[in-house]
Every structure is written in C-alpha cells, then in structure tokens.
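Peer 1: Sequence and predicted model, in that order:
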Amino acid sequence: MDDPVEVALRRKRDSSMRVAIQQVKSAQGQPSTADACVSAGNTGALMAVARYLLKTTEGIDRPAIASGLPNRSGGVTTVLDLGANVDCTAEHLLQFAVMGSALVSAVSGKEQPSIGLLNIGEEVIKGSEVIKRAGELLRAAGARQELNFYGNVEGNDIFLGTTDIVVCDGFVGNVALKTAEGVASMISGLLRDGFSRNPITKLGALLSMSVLKHLKSRVDPRRHNGAALLGLRGLVFKSHGGADAFAFEQALNRAYDAARNRLLDRVHDRILAALPAAHAADPAPAENSRHAA
C-alpha cells in the first residue's frame with residue numbers, strides 16, 4: 001500500500017492488481033477474460049495501472065472515481081470525482097457529468113438522472129472561474145436535452161438528495177467522502193461507548209437507541225462500498241482498503257450490476273451524444289437557469 005505509483009506501474013508487472021486488470025483488457029481483437037475488476041489496493045496505483053492498460057474512452061480526458069453517498073430520501077447521491085483528479089477544467093467537470101449520468105442510468109434505471117454542480121452557492125454568479133464555466137457548459141447541454149442539469153448545489157444537498165448526481169473536482173469530493181465516513185464512525189462510537197459516562201446519558205441512550213441504530217445502518221459506509229473508475233475502456237471498481245467481507249460483497253455486487261447493465265456501452269453512447277456538441281456550442285444564457293441572478 002505504501003509503494004509509489006511509478007513503482008506499481010513500472011516495476012511490479014506481475015502484481016495481483018495488474019494481473020486482474022489485464023484480465024479485463026481486450027487484446028489483439030480477442031475478448032477479455034473478465035467483465036470487471038474489483039480491488040481494495042492502493043487507489044493511486046489502481047488508477048494508474050488501469051489507465052495504462054485499459055486506456056481512456058474516446059472523448060474522456062481523465063477517468064473519475066464515482067460512488068454513492070447516503071441521503072435523506074433513503075437512496076444515494078452519486079458523487080464524482082472522489083479523488084482521482086485534484087485540478088479539473090470546466091470540460092473535465094462536464095465529462096464527469098456525462099459519465100455519472102450514464103452510471104446512474106445503468107444501475108438505477110433512471111433514463112435522465114438529475115445533475116448538480118457543487119458550488120459555494122446556488123447562484124450562477126458564484127464560484128471560481130472554472131466552476132462558472134462548467135455551469136455554462138452544463139446549462140448548454142441541458143438546453144439541448146443531452147443532460148438533466150438541475151443547477152448549482154451546495155454540500156448539504158449531497159445528503160439531502162437534491163439531485164441524483166453531484167459533480168465536483170477530486171479534492172472537494174474526497175473531503176465530502178471522508179466527512180461522510182467520519183459521521184458514520186461517530187455514530188458507531190456513540191452507540192458503542194459514547195453514552196456510558198453517567199446515568200443521564202445512559203437514559204438518553206436507551207430512549208434513542210433504536211433511532212441511532214437505524215441511522216447507523218443507513219450511513220454505514222460498508223453498505224455503499226465500491227467506487228467505479230469511470231472513463232476507462234473496461235470496468236474497474238475500487239473497494240475500501242479496510243473492507244470486511246460484507247463491504248467487499250457490496251463492491252462485487254456493484255461491479256456485477258455495471259457489467260450486467262452494459263455500463264461501458266451506456267457511457268460510450270452518452271459521450272457520443274453529448275460531448276462533441278457541448279465542446280463546440282456556445283454556452284446557454286444565464287437566464288435559462290433556475291438560479292439566474
């Protein structure tokens with residue numbers, strides 16, 4: 001787990017990670033021997049080896065890590081990128097939206113899942129220049145009915161379930177992911193020993209135990225384990241390094257669902273439909289957004 005990425009990529013050509021990804025690759029016209037790869041290994045190494053062996057899908061500059069975070073509605077909000085790309089352009093964020101839309105459509109059956117762009121406010125005038133430009137591209141794609149763009153969303157919208165998908169750069173996405181994991185850990189700690197300090201807190205624990213147990217189950221990161229590496233010419237899923245058997249099962253199930261529902265074909269089709277036109281077209285005017293100033 002401590003190997004630098006270049007060591008994993010260049011020197012460890014017989015590593016289990018590389019062998020597994022190689023099984024997903026189609027070589028010289030021959031079909032692959034595996035439909036998907038699931039690994040709990042080093043994330044940076046997994047991304048580097050997968051990108052080197054499988055290559056990126058045409059129209060995608062950078063792969064992104066996507067996973068679901070639990071929301072208030074009882075479902076999940078798919079967030080990407082969760083750490084693969086710290087510095088992103090507006091075009092990268094548009095590509096993430098296209099890939100996220102294909103992922104959610106494939107696994108949930110929603111043909112046009114809603115997309116939010118993570119920002120410091122809902123108004124179109126807020127955010128960095130990259131975010132504002134990404135908003136223009138997404139609004140233009142929405143105007144052409146290529147994507148179901150909701151508008152800017154804020155951090156709390158991830159857990160409110162305001163949109164099916166939230167798009168952001170990898171730095172912000174990873175912070176959101178670790179925050180969600182921290183909340184789950186805090187709830188587990190309270191159930192385990194946080195209410196045992198005095199009689200009053202013990203009484204409060206007894207009264208709220210059933211609610212806390214239900215909440216713990218809802219936010220348990222093991223239930224949502226398995227992040228897709230989108231934008232590659234093959235299916236690769238990342239499991240948490242500390243996953244137990246139950247968590248790893250969830251990652252395997254996600255990889256299976258992606259293969260069964262032809263996720264690669266769906267991503268390819270959406271890219272062909274959205275990205276070439278989106279790059280060439282002028283951005284839609286701000287008045288078309290529900291958050292226009």
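Peer 2: Nice, thanks for sending it over.
Peer 1: Every contact and neighbour count from this point should use C-alpha atoms.
Peer 2: Noted.
Peer 1: For whichever strand or helix holds residue 52, which residues meet the burial criterion?
Peer 2: Element membership for residue 52 (DSSP states H and E) is helix 43-54. Within helix 43-54, the residues that count as buried by 16 or more other CA atoms under 10 Å are 43, 44, 45, 46, 47, 48, 49, 50, 51, 53, 54.
Peer 1: Just the CA coordinates for that helix, please, in PDB.
Peer 2: Provided in PDB are the C-alpha atoms of helix 43-54 (Å, rounded to 0.1, in the frame of the first residue of the first chain):
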ATOM      1  CA  THR A  43      -6.100   3.900  -5.200                       C
ATOM      2  CA  GLY A  44      -3.400   5.800  -7.000                       C
ATOM      3  CA  ALA A  45      -1.800   2.600  -8.200                       C
ATOM      4  CA  LEU A  46      -5.100   1.100  -9.300                       C
ATOM      5  CA  MET A  47      -6.000   4.300 -11.300                       C
ATOM      6  CA  ALA A  48      -2.500   4.400 -12.900                       C
ATOM      7  CA  VAL A  49      -2.400   0.800 -13.900                       C
ATOM      8  CA  ALA A  50      -6.000   0.700 -15.100                       C
ATOM      9  CA  ARG A  51      -5.400   3.800 -17.200                       C
ATOM     10  CA  TYR A  52      -2.200   2.500 -18.600                       C
ATOM     11  CA  LEU A  53      -3.600  -0.900 -19.600                       C
ATOM     12  CA  LEU A  54      -7.200  -0.100 -20.500                       C
END
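Peer 1: where does the stretch 51-200 of the chain dip in pLDDT?
Peer 2: For the stretch 51-200 of the chain, residues meeting the criterion pLDDT under 70 lie at 187, 189-200.
Peer 1: how about the helices in it?
Peer 2: 90-108, 129-143, 155-160, 170-189, 199-219 (DSSP state H, counting those that start in this stretch).
Peer 1: I'd like the distance from the fourth one to the chain centre, please.
Peer 2: Right, helix 170-189. The chain centre lies 14 Å from the centre of helix 170-189; the measure is CA atoms, centre = their mean, to the nearest Å.
Peer 1: Against which helices or strands is it packed?
Peer 2: Packing partners of helix 170-189 (3 or more CA pairs under 8 Å, 6 or more residues apart in numbering; DSSP states H and E): strand 76-80, helix 199-219.
Peer 1: who's in contact with residue 33?
Peer 2: Residues counted as contacts of residue 33 (CA atoms under 8 Å, 6 or more residues apart in numbering) are 23, 24, 25.
Peer 1: where's it, which helix or strand?
Peer 2: Using DSSP H and E, residue 33 sits in no helix or strand.
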